[in-house]
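> Output the structure for:
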Amino acid sequence: MSTRSPVRLVAHVVWATKDRAALIDDAREAWLLATLARIALSHGGVVIASGAAPDHVHLLLRWDEVLALSTVVGRIKGATSHAWNRSFTDVPLVWQDGFWAESCAAEPPAELTAYVRGQRAHHGSNALDGAWELGTAG
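Below you'll find the model as predicted:
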């Protein structure tokens, strides 16, 4: 019997392609999001929700408390770009350095989950109205 208390760490994580290159097209988005989820699982994370725009990705990520978030995200970024570059030799993917993250509830609100999943439509409308873009999310 374990004496450890459960830890539920969840963050909204965002990172972009190098130089914000618009590489993530409609045809490759589903592949990328499935690959992000598979790779996250193999590196101590669980993707609760994901979404992509042409030049960046959003994840709601739960991760293993024994690893730093930066370690998990670094592993996911490295492994996904490697997998992309093996699969799509015509359009090399390089992620920018670093990432943005904000902690959120262990059960993220439905509005945040919908926001993360709706990135392509949201950015296609050129609307900057989400609380997560304006820095006012609670």
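> measure residue 55 to residue 89 for me?
Residue 55 is 20 Å from residue 89, where distance means Cβ to Cβ, to the nearest Å. The C-beta positions use only the backbone N, C-alpha and C, and glycine is treated the same way.
> Next up, the contacts around the residue lying closest to residue 26 once chain neighbours are set aside.
Leaving out its chain neighbours, the residue that sits closest to residue 26 by Cβ to Cβ, 6 or more residues apart in numbering is residue 120, at 7.4 Å. Residue 120 makes contact with 26, 29, 51-54, according to Cβ atoms under 8 Å, 6 or more residues apart in numbering.
> pLDDT (mean, whole number) over the helix or strand where residue 120 lies?
Element membership of residue 120 [criterion: DSSP states H and E] is helix 119-124. Mean pLDDT, helix 119-124: 68.
> from here on, count from 11
In the new numbering, first residue 11, that becomes helix 129-134.
> Just give me the residue closest to the centre of this protein.
For the chain, residue 69 is the residue whose C-alpha lies nearest the centre (Cα atoms, centre = their mean; 2.8 Å).
> Provide a list of residues in contact with it.
Residue 69 neighbours (Cβ under 8 Å, 6+ apart): 22-24, 46, 50, 57-60, 126.
> Just give me the closest of the residues you listed to residue 78.
residue 23 (12.7 Å; Cβ to Cβ).
> contact partners of the helix or strand the closest one falls within?
Assessed by DSSP H and E, residue 23 sits inside strand 19-26. For strand 19-26, the surrounding residues in contact (Cβ under 8 Å, 6+ apart) are 58, 65-73, 75, 79, 83, 87, 105-106, 108-116, 118, 122, 126, 142.
> Might you specify the subset of those residues located within helices?
With DSSP state H as the criterion, helices contain 79, 83, 87, 122, 126, 142 from among the contacts of strand 19-26.
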